[in-house]
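Chemist: I would like to see how this sequence folds:
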Amino acid sequence: MLADVVTYKQALSDPFEEEAWKTAMKQEYDSLMNHSTGELVPYPSDGSKVNGGTWWLTGKQNKFGKVYRHKARWVVLGNHQEHLVHYFDTWASVGQNETFKIMLILAVWHDYIPYQFDIEIAFLHGRMDTNVYVKQVRGFKVPGKEQWVWRLNKSLYGTKQAPRMCQAKLVEVLDSLGMKPTRADDSLYSKKDQNLFLHVHVNDGFLIGKCEKEIVFFLTRRNVILKLKYQKRPTHHLGYCLDWSTKGIIQLNQQDLISKLLKDYDMENSQSVKTPCNSNLLKELEVIGDPISTTSYQQAIGSLNYLAQHTQPDISYTVNALSMYETHPTARHWVALKHLFRYLKGSSGLSLCYTDQDSHSSEGLIGWDDADYANDRVEQKSITGNLITYLGNPVSWLSKKKSIYKVWI
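Modeler: Numbering: from 1, shown residues only. Prediction:
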């Protein structure tokens, strides 16, 4: 299940969870100290800025809503850092979801063995490249030195350069183990002589290979340098739910995210429908209505667009149509949005299925494309949709307006 975030005050005022949160924070503090994250120094007298920090507390819940894991992280308020003073470059690549889907296809087609790993305290492996001062950790100030601050040695969470420094360390470790980045996606690493492929997204990795012995050897060697938690055939990865129970088939969905959205928008008990929208959706959306909160509407569209891009091609058209009214939504648009939520409620049990049996399997990479004929009568534009498949399995899809106008004669 997805994690719930609580504040420091909420954590310490909960009579049932207080001790668990204190333990989690103590473990995080001990980890920071053991990794020499910062050096305690007097408050800088040269006018250097001292950044604040905050506790980021998350509780992992099981399917019954009970918190089974408490996680605490001390995060720097890096928004106060000044460019070219406290940091330089911040860029770090993240894995593409299309690459991850291709790896699933390779796994099911070639019977590769999948492993997932998480780099514990990933950002603490990168070294700082400038002087950054941070206030002491809340709840753990050193007696007699309460006004002293930390001068960071490591790229602590929240600092602007943390992702880049973390990736630099990761690339260094992978290179020492013979894993090289690919040209198409620099978050995909391979070791071709052993048929090993690794997809990296910040501190999460997804590894597939033919020989389990080689996979375990790779993970074990890497664990000596970077502390890892790993598991075979993961059921959750990067917000995806994975089902490996049927041989030759991998099922992929985002049921946890859908459940959270239905809860957030009070649609848990709504009556489900069988289609994401009515057949005359565009005409309905043109009707003038009372304005509604732009922020709430945009937040909902953003979450739904994320679903549409990753695991729900069936809602791409509807989300694209609704997103055209993000700057001036009305009650009519909210009704259509709720209709889409009701569809998600009824279809949340569906999954993308990646299989090794398909009639187009021998054709490799295929692109499918189609368009209507100026269905948008307001702007007189056609709406196109496309689908890219690899070995008969979906990799990417899109629904959007064409930029060319249709002139009616």
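Chemist: Just give me the neighbour total for residue 123.
Modeler: The number of residues packed near residue 123 is 24, by other C-beta atoms under 10 Å. Using the backbone N, CA and C atoms, a C-beta is placed for each residue, glycine as well.
Chemist: Going forward, the N-terminal residue is numbered 454.
Modeler: All set: I'll call the first residue 454, so the last point we hit is now residue 576.
Chemist: didn't it look like it was pressed against residue 617?
Modeler: No. Counting by C-beta atoms under 8 Å, residue 576 stays clear of residue 617, with 10.3 Å between them.
Chemist: mind listing what's buried in the helix or strand of the chain with the lowest mean pLDDT?
Modeler: Among the helices and strands of the chain, strand 456-459 carries the lowest confidence by mean pLDDT, DSSP states H and E, at a mean of 72. By 16 or more other C-beta atoms under 10 Å, the buried positions in strand 456-459 come out as residue 459.
Chemist: how's this protein carved up into domains?
Modeler: 456-691, 693-804, 809-862 (automatic domain parsing).
Chemist: weakest of these by average pLDDT?
Modeler: Ranked by mean pLDDT, those end with domain 809-862 at the bottom, a mean of 78.
Chemist: Which parts of the stretch 454-603 of the chain are strands?
Modeler: For the stretch 454-603 of the chain, the strands defined by DSSP state E, counting those that start in this stretch occupy 456-459, 491-494, 503-504, 506-514, 520-529, 566-572, 586-588, 602-605.
Chemist: Turn these into TSV, columns for distance to residue 673.
Modeler: What follows is those, written out as TSV (distance: least, C-beta to C-beta, whole Å):
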stretch	distance to residue 673
strand 456-459	29
strand 491-494	30
strand 503-504	37
strand 506-514	26
strand 520-529	25
strand 566-572	11
strand 586-588	34
strand 602-605	31
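Chemist: what's the closest of those to residue 708?
Modeler: Proximity to residue 708 (C-beta to C-beta) singles out strand 506-514 among these, at 13.8 Å.
Chemist: out of the strands of the stretch 454-603 of the chain, which comes closest to residue 707?
Modeler: Across these, closest to residue 707 is strand 456-459 (C-beta to C-beta), at 14.9 Å.
Chemist: Can you name every helix or strand that the closest one contacts?
Modeler: Contacts defined by 3 or more C-beta pairs under 8 Å, 6 or more residues apart in numbering; DSSP states H and E place strand 456-459 against strand 506-514.
Chemist: Report the buried residues of the strand it packs on.
Modeler: 506, 508, 509, 510, 511, 512, 514.
Chemist: Relative to residue 608, how far out is the closest residue to residue 674 other than its chain neighbours?
Modeler: Spatial nearest neighbour of residue 674, chain neighbours left out: residue 630 (6.1 Å); criterion: C-beta to C-beta, 6 or more residues apart in numbering. Noted for residue 630: a distance of 22 Å to residue 608, by C-beta to C-beta, to the nearest Å.
Chemist: Neighbour count: these two, which is higher?
Modeler: Neighbour totals were compared for residue 630 and residue 608, and residue 608 leads with 28 against 15 (other C-beta under 10 Å).
Chemist: is it true that the more buried one touches residue 623?
Modeler: No. If you go by C-beta under 8 Å, residue 608 and residue 623 don't touch, sitting 11.9 Å apart.
Chemist: For residue 731, list the residues it contacts.
Modeler: 737, 789, 792 (C-beta atoms under 8 Å, 6 or more residues apart in numbering).
Chemist: what about residue 624, helix or strand, and which?
Modeler: Per DSSP states H and E, residue 624 falls inside helix 615-629.
Chemist: Next, the buried residues of that helix.
Modeler: 615, 616, 617, 618, 619, 620, 621, 622, 623, 624, 626, 627.
Chemist: which stretch of helix or strand covers residue 775?
Modeler: helix 769-776.
Chemist: State the distance from the spatially closest residue to residue 459 that is not a sequence neighbour to residue 805.
Modeler: Spatial nearest neighbour of residue 459, excluding adjacent residues (C-beta to C-beta, 6+ apart): residue 510 at 5.0 Å. Distance of residue 510 to residue 805, computed by C-beta to C-beta: 33 Å.
Chemist: ok, back up a step: quick one: which two of the buried residues of helix 615-629 are the most distant?
Modeler: So, those by C-beta to C-beta: farthest apart are 615 and 627, at 18.5 Å.
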